[in-house]
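# fold the following and give me the result.
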Amino acid sequence: MLPCSEFAELRLGFTPDEKQRQILDSDAKQGLLNCCRQFGKSTVMAAKALYHALHHPDCTVIIASPSGRQSREMMRKCKAFARKLKLKPHGDGDNRISLLLPNGSRIVGLPGRADTVRSFAASLILVDEAAWVKDEMFLALSPMLATTNGAMWMMSTPNGSRGMYWQMWKDGGPDWERFEVPATECARISPEFLARERKMMGERRYAQEYGCQFVDNGDSYFSRESVERAFVDNEVVWEV
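Residues are numbered from 1 along each chain as shown. As a prediction, this is how the structure comes out:
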């Protein structure tokens, strides 16, 4: 069986860069991708989803995101790859955003509503734009892996130091395999473009969108780091 990166290159016509190859070929049960804008994470994860579904008959792959529109966008990429394999994309008959494969496996896209996603058992869950997904959604998704020994991957550009995605990146421990890809490591983005973006966005926004940094949004008087430093062994320590 071809590794996923070779499958993507030889069968899907997608040539991944070195970091994308590492992500595609990872067999981690829990993965975190912290990447800059326009890294190609949706394309990489669409290839990973299709590869998994083709090699695990009768399985369910879940694509979750903050909105149905975003889930449809990744499903569009999955269907485009399926056409490369001479497969005629069609839905599973039950879910509006879905792809049913000849081996009985399906890829299902879900919107970011925890109250509508509780009926699945999945062997792979991909959470796109995870920094914008509510914690309630993650708590609804993770039990889907209980009987399958499946995998969950979260991928996103940062959105401040809040939420499950940030918490797992910061405190998730060695169970999570982490990949960080700032724009300076993405050869498809030119230094000239980044210089223009830095000037237009300012340092804080640029650091988040292109530098993979979890930047506080500035709404709070105290930063998250200053609040955390104020607590030592469950006691509040105030510096005056």
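# pull the number of nearby residues for residue 100.
Here the number of neighbours of residue 100 (other C-beta atoms under 10 Å) works out to 19. Using the backbone N, CA and C atoms, a C-beta is placed for each residue, glycine as well.
# likewise for residue 204?
Close neighbours of residue 204, defined as other C-beta under 10 Å, add up to 14.
# quick check: buried residues in the strand or helix carrying it?
Residue 204 is part of helix 203-209, with elements assigned from DSSP states H and E. In terms of neighbour count (16 or more other C-beta atoms under 10 Å), helix 203-209 has its buried residues at 206, 207, 208, 209.
# could I get those residues as JSON lines with pLDDT and distance to residue 64?
Below are these laid out as JSON lines (pLDDT from 0 to 100; distance: C-beta to C-beta, whole Å):
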{"residue": "206", "pLDDT": "97", "distance to residue 64": "28"}
{"residue": "207", "pLDDT": "97", "distance to residue 64": "27"}
{"residue": "208", "pLDDT": "96", "distance to residue 64": "22"}
{"residue": "209", "pLDDT": "96", "distance to residue 64": "22"}
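# what's the closest of the residues you listed to residue 89?
The closest of the buried residues of helix 203-209 to residue 89 turns out to be residue 209 (C-beta to C-beta; 32.2 Å).
# for the nearest residue to that closest one once chain neighbours are set aside, helix, strand, or coil?
Leaving aside its sequence neighbours, residue 209 sits nearest to residue 37 (C-beta to C-beta, 6 or more residues apart in numbering; 5.3 Å). Following DSSP: H, G, I helix; E, B strand; the rest coil, residue 37 is assigned to coil.
# my read is that residue 37 contacts residue 157, right?
Yes: with contact defined as C-beta atoms under 8 Å, residue 37 counts as touching residue 157 (5.7 Å).
# what touches both of those two?
Overlap of the contact sets of residue 37 and residue 157 (by C-beta atoms under 8 Å, 6 or more residues apart in numbering) consists of residue 209.
# between those two, tell me which one has more neighbours.
The neighbour comparison of residue 37 against residue 157 (other C-beta under 10 Å) goes to residue 157, with 21 against 13.
# next up, phi/psi of the more buried one, please.
phi -90, psi 140 (degrees, to the nearest 10).
# was I right to think it contacts residue 209?
Yes: the pair residue 157 / residue 209 is scored as a contact, 6.2 Å apart, by C-beta under 8 Å.
# overlap of the contact sets of those two?
Contacts common to residue 157 and residue 209, judged by C-beta under 8 Å, 6+ apart, are 36, 37.
# tell me which helix or strand comes right after the lengthiest helix in the chain.
When the chain is parsed with DSSP state H, its longest helix is helix 68-84. The helix or strand immediately downstream of helix 68-84 is strand 98-100, counting by DSSP H and E.
# mind listing what's buried along the next helix or strand after that following strand?
Using DSSP H and E, the helix or strand that follows strand 98-100 towards the C-terminus is strand 106-110. By neighbour count with 16+ other C-beta under 10 Å, strand 106-110 contains the buried residues 106, 107, 108, 109, 110.
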